[in-house]
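1. dropping the sequence and predicted coords here.
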Amino acid sequence: LPPAQQNECSALCLLALLSLTPGKPWADAENPLMGITPMMKWVGRHYGKIYAPNTRETVRRQSMHQFCNAGLALYNPDQPDRPVNSPKAAYQVAPTTLDLLRTFGTPSWHDNLATYLAQHKTLVARYAKERKQNCIPVKIAPDTDITLSPGEHSELIRAMIEDFAPRFSPGSKLIYVGDTGHKWSHFDEALLARLGGAVNSHGKMPDVVLHYVKRNWLLLAEAVTSHGPVDGKRHAELAELFAGSTAGLVYVTAFPNRAIMGRYLPEIAWETEVWVADAPSHLIHFNGARFLGPYPNP
């Protein structure tokens, strides 16, 4: 592991994942499924190191993320398609790693370690392939796909790109896609810069940004699965974030269905659009009398 992970926090995370309490021999190491909060509580209980609840994200990003990338631990092996932001997310020491560590301190340790390291890249590649198989593919251009972390939030983002965009902004160019597992999943920074948008990584980007070329509009779209819609506060944030844009700004909130939309109706800001994935050919305008008028008889 890199030097940044060779520290007390990562060491204690490994002990927790192995259920190695003080004095317990390495030969008796286990590999229980364990989430980050239970891991932190276990460390406090057995090793007296108390981590504040707000350090949970640090543990995930600075220890567990690297453990998984290195093939040392597995992420959600019990349910690989579990959403990234699920409170049930769990980690487990990989079986090959467990077998190796159970021999620590024995005469066979060095030979076993050499064998493990020789196979290490193969193991990492295999685990990475297994993780990728559970990701959600999204076609962002005829010859270009990206993948998003599994979960209903990513499913809604895919629907916005593949169903909403062709219907309501045909020929539009995708500028940005966020992801619960990797915020900047796709970002055409050059295109946004040409449109006068200088957005840095500290700005709270919407889930999807599209450039509707024909009308020179920027569609700023939020996918609502667990967080809120484009309300008054979010509208103001996005207006400030894209204040330099030479393209007109259109604010869109996407919902999986109308039942979920109903929970948020009082919060949706005026002068915005609402799209519902289970009725993809319709758009709801929260724009006052601007679109008032009769429809022709069918």
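-> Okay, I see it. Numbers count the residues shown, from 1 in each chain.
2. okay, and for the stretch 151-298 of the chain, where does confidence drop off?
-> In the predicted model, the stretch 151-298 of the chain carries pLDDT under 70 at residues 180-185, 198-203, 226-227, 288-298.
3. hmm, try it at 90
-> Filtered on pLDDT under 90, the stretch 151-298 of the chain yields the residue ranges 151-163, 165-166, 171-207, 213, 225-228, 240-241, 243-245, 271, 286-298.
4. residue boundaries of the strands in it?
-> Counting by DSSP state E, counting those that start in this stretch, the segments of the stretch 151-298 of the chain that form strands are 173-177, 186-187, 208-212, 217-223, 248-255, 272-276, 283-286.
5. ok, the stretch 1-150 of the chain next?
-> Here the stretch 1-150 of the chain has its strands, by DSSP E, counting those that start in this stretch, at 73-75, 91-93, 136-141, 144-148.
6. rank these by pLDDT, which is bottom?
-> Sorting those by mean pLDDT places strand 136-141 lowest, at a mean of 60.
7. and the residue nearest to Pro95 when sequence neighbours are not counted, what is it in contact with?
-> Sequence neighbours aside, Asn31 is the residue nearest to Pro95 in space, at 7.2 Å (criterion: C-beta to C-beta, 6 or more residues apart in numbering). Backbone N, C-alpha and C define where each C-beta goes, glycine included. Listed by C-beta atoms under 8 Å, 6 or more residues apart in numbering, the contact set of Asn31 reads 17-19, 92-95, 98.
8. same thing with Arg60?
-> Per C-beta under 8 Å, 6+ apart, neighbours of Arg60: Ile36.
9. what distance do you get for it to Ala90?
-> 12 Å (C-beta to C-beta, to the nearest Å).
10. mind giving me the ChimeraX command for buried ones among the contacts of Asn31?
-> Buried residues among the contacts of Asn31 (16 or more other C-beta atoms under 10 Å), as a ChimeraX selection:
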select :17,18,19,92,93,94,98
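11. now render the contacts of Asn31 as a markdown table, adding distance to Ala269.
-> Listed next are the contacts of Asn31 as a markdown table, based on distance: C-beta to C-beta, whole Å:
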| residue | distance to Ala269 |
| --- | --- |
| Leu17 | 45 |
| Leu18 | 50 |
| Ser19 | 50 |
| Gln92 | 43 |
| Val93 | 47 |
| Ala94 | 47 |
| Pro95 | 51 |
| Leu98 | 52 |
